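**Q** here's my sequence, what's the structure:
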Amino acid sequence: MRRDLDTWSSWWFWILVGSTIAVVIGVLCEAPEIWQEVGLSRKTVAGIRRFWYFRVRKIDLNGWERLCPELITTNERHRKLIVLAGFVGWTFVALGVAGEGFAEYFVNDAETNLRAFDQAELVETQQSANSAAFAASLADTFADKADATAKRALGKSEAAVSAASNAERSLGKAKDEADKAQQASLSALNLATGARQKADSFEADIKFVKTQAEEAKTKIEEVVDEAKEATEELHRIKVDRSLTNEPLFLKEVSNFPGAEYTFSGVSQDEESVKLLLRIDEVLQRAGWVRVKPNGVVMGLPVFAKEPDFIVAVTTGTGVFVSIESLESPESINLRPRMKWTRPVQAAMGLAEALNLWISPKQDAKTLTVNRGTSDIVQITVGKKPIR
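**A** Predicted coordinates for the structure are as follows:
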């Protein structure tokens with residue numbers, strides 16, 4: 001890097017020298033013009049004559065013209081050459097001064113960088129020297145420790161030689177003991193062979209017992225599953241049907257405000273009537289409109305505030321929804337749901353909500369589409385299914 005800085009400084013130094021030479025050349029080129037302005041012209045000679053109070057004859061003046069015609073010349077061509085030389089000299093001076101300014105700046109900058117580089121290199125050298133001195137001191141310390149370790153190792157080696165001698169003496173005794181141990185191991189091997197035979201017999205017995213235990217475990221699991229199913233069935237029989245999540249049920253049926261519905265049938269038991277009233281309450285909150293069945297109906301007056309609202313008695317099981325349409329269910333399913341008639345959409349939404357949030361669950365199909373023109377959603381609440 002320092003070589004690059006030296007090269008950069010030297011290059012700008014020679015530019016500085018060249019600029020100085022250009023200034024000198026410019027000054028020399030302006031010399032004739034200066035000489036013409038301050039030289040011995042006619043006016044200068046006349047001034048000298050008046051200063052010394054004497055007269056010079058014209059012949060003498062002509063003599064000056066012959067001796068130094070460049071001082072009192074009146075040639076126009078010479079004047080133009082002098083002006084051109086002055087312009088060239090001015091140009092050289094201007095370029096030289098500008099070059100000197102730039103070159104001086106970059107030379108100083110390069111010298112500054114060189115001094116900074118030398119200073120950094122000096123600091124780095126000083127740090128390296130300090131590190132080397134520290135390393136030398138550390139190596140001296142380690143050398144002292146290594147010398148002490150070597151002395152301790154020498155002492156241990158002498159002790160090891162002594163121990164080896166003792167071990168050699170003990171080896172003979174150990175050999176005798178090994179012979180005795182070999183004889184004992186042969187006896188132990190014979191005993192182990194007999195024990196292995198007995199262990200194999202025990203292992204077969206253990207496998208048989210394990211198989212019996214696994215079979216018993218399987219039977220127990222089957223009994224537990226049957227007990228769970230029986231418990232669930234008992235719960236299904238004892239617990240009344242209900243809407244498990246009324247907020248979600250209400251949200252689902254609230255998408256069809258103004259939909260007309262009626263109860264086309266209900267079982268005579270109290271549980272079915274309570275479920276009918278609960279479904280009616282949620283539908284009323286969702287904005288559905290309950291209408292009376294068409295014609296004369298023989299059944300139960302389930303609504304206390306409307307004693308003339310009679311719901312027919314049904315002997316069926318489960319909750320079902322039905323709707324009439326001029327299209328068959330197959331034709332309806334071929335079109336997107338958003339293109340179904342609004343009553344069919346409302347009936348489907350109610351059937352899906354009942355499938356999701358009525359408990360205990362029922363396995364039968366909930367929605368039925370019949371041929372007809374009525375837009376009233378028919379709801380039948382039969383007795384609770386046993387299965």
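
**Q** can you tell me the helix or strand for the residue nearest to the spatial centre of the chain?
**A** Most central in the chain under CA atoms, centre = their mean is residue 248, positioned 38.0 Å from the mean C-alpha point. Assigned by DSSP states H and E, residue 248 belongs to helix 246-253.

**Q** now do the contacts for the residue lying closest to residue 30 once chain neighbours are set aside.
**A** Leaving out its chain neighbours, the residue that sits closest to residue 30 by CB to CB, 6 or more residues apart in numbering is residue 89, at 3.7 Å. To be clear about C-beta, it is placed using only N, CA and C from the backbone, and glycine gets the same treatment. Residue 89 sits next to 25-31, 33 when contact means CB atoms under 8 Å, 6 or more residues apart in numbering.

**Q** looking at the residues you listed, which is nearest residue 355?
**A** The shortest approach to residue 355 among the contacts of residue 89 belongs to residue 26, at 107.8 Å (CB to CB).

**Q** in space, what's closest to the closest one - neighbours in sequence excluded?
**A** Leaving out its chain neighbours, the residue that sits closest to residue 26 by CB to CB, 6+ apart is residue 92, at 3.0 Å.

**Q** TSV for the contacts of residue 89, including secondary structure, pLDDT and neighbour count?
**A** Shown next, in TSV, are the contacts of residue 89 (DSSP: H, G, I helix; E, B strand; the rest coil; pLDDT from 0 to 100; neighbours: other CB atoms under 10 Å):
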residue	secondary structure	pLDDT	neighbour count
25	helix	85	15
26	helix	76	20
27	helix	78	15
28	helix	80	12
29	helix	78	20
30	helix	70	19
31	helix	70	13
33	helix	66	19
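
**Q** can I get the residues you listed in JSON lines including distance to residue 84?
**A** Converted to JSON lines, those look like this (distance: CB to CB, whole Å):
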{"residue": "25", "distance to residue 84": "15"}
{"residue": "26", "distance to residue 84": "13"}
{"residue": "27", "distance to residue 84": "16"}
{"residue": "28", "distance to residue 84": "14"}
{"residue": "29", "distance to residue 84": "9"}
{"residue": "30", "distance to residue 84": "11"}
{"residue": "31", "distance to residue 84": "14"}
{"residue": "33", "distance to residue 84": "10"}
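
**Q** one step back: how close does the residue nearest to the residue nearest to the centre of the chain when sequence neighbours are not counted get to residue 371?
**A** Sequence neighbours aside, residue 357 is the residue nearest to residue 248 in space, at 6.3 Å (criterion: CB to CB, 6+ apart). According to CB to CB, to the nearest Å, residue 357 and residue 371 sit 30 Å apart.

**Q** so between these two, which is more surrounded?
**A** Remark: of residue 357 and residue 371, residue 357 carries more neighbours, 19 against 9, as counted by other CB atoms under 10 Å.

**Q** what's near enough to touch that one?
**A** Taking CB under 8 Å, 6+ apart, one finds 243-246, 248-249 in contact with residue 357.

**Q** pull out the buried residues from the strand or helix carrying residue 331.
**A** Using DSSP H and E, residue 331 falls within helix 329-334. The neighbour-count check on helix 329-334 (16 or more other CB atoms under 10 Å) flags residue 332 as buried.

**Q** export that helix to PDB, keeping only CA atoms.
**A** Below are the C-alpha coordinates for helix 329-334, written out as PDB (Å, rounded to 0.1, in the frame of the first residue of the first chain):
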ATOM      1  CA  PRO A 329     -84.400 -33.300  -5.300                       C
ATOM      2  CA  GLU A 330     -82.100 -34.500  -8.000                       C
ATOM      3  CA  SER A 331     -82.700 -31.400 -10.200                       C
ATOM      4  CA  ILE A 332     -82.300 -29.100  -7.100                       C
ATOM      5  CA  ASN A 333     -78.900 -30.700  -6.300                       C
ATOM      6  CA  LEU A 334     -77.600 -30.100  -9.800                       C
END
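
**Q** on that earlier part again, ok now the helix holding residue 248, how far from the chain's centre?
**A** Distance of helix 246-253 from its chain centroid, counting by CA atoms, centre = their mean, to the nearest Å, is 41 Å.

**Q** give me the mean pLDDT for the helix ranked longest in the chain.
**A** Ranked by number of residues, the top helix in the chain under DSSP state H is helix 76-238. Averaging pLDDT along helix 76-238 yields 74.

**Q** for the stretch 251-387 of the chain, give me the ranges with low pLDDT.
**A** Where the stretch 251-387 of the chain drops to pLDDT under 70, the residues are 296, 364, 387.

**Q** for it, which segments count as strands?
**A** Using DSSP state E, counting those that start in this stretch, the strands of the stretch 251-387 of the chain run over 260-266, 289-290, 299-300, 311-312, 319-325, 358-359, 367-371, 377-381.

**Q** ok, how many other residues are close to residue 154?
**A** Neighbour tally, residue 154, other CB under 10 Å: 10.

**Q** an error on my part: the question was meant for residue 351.
**A** So residue 351, with other CB under 10 Å, has 21 neighbours.

**Q** is the closest residue to it other than its chain neighbours bridged to anything, and to what?
**A** Nearest non-adjacent residue to residue 351, counting by CB to CB, 6+ apart: residue 367, 3.7 Å away. Following DSSP bridges, residue 367 is listed with bridge partners residue 321.

**Q** ok, now how distant is residue 367 from residue 9?
**A** Taking CB to CB, one finds residue 367 at 98 Å from residue 9.

**Q** same question for residue 168.
**A** Counting by CB to CB, the gap from residue 168 to residue 9 is 81 Å.

**Q** please apply the same query to residue 102.
**A** 14 Å.

**Q** please say which of the two ends up with more neighbours.
**A** Counted by other CB under 10 Å, residue 102 and residue 9 do not tie: residue 9 has more neighbours, with 18 against 13.

**Q** isn't the more buried one right up against residue 115?
**A** No. In this structure residue 9 lies outside contact range of residue 115 using CB atoms under 8 Å: 10.9 Å.

**Q** would you map out the domains in the protein?
**A** Domain segmentation of the chain under automatic domain parsing yields 2-136, 242-381.

**Q** since that was my last question, I'll sign off now.
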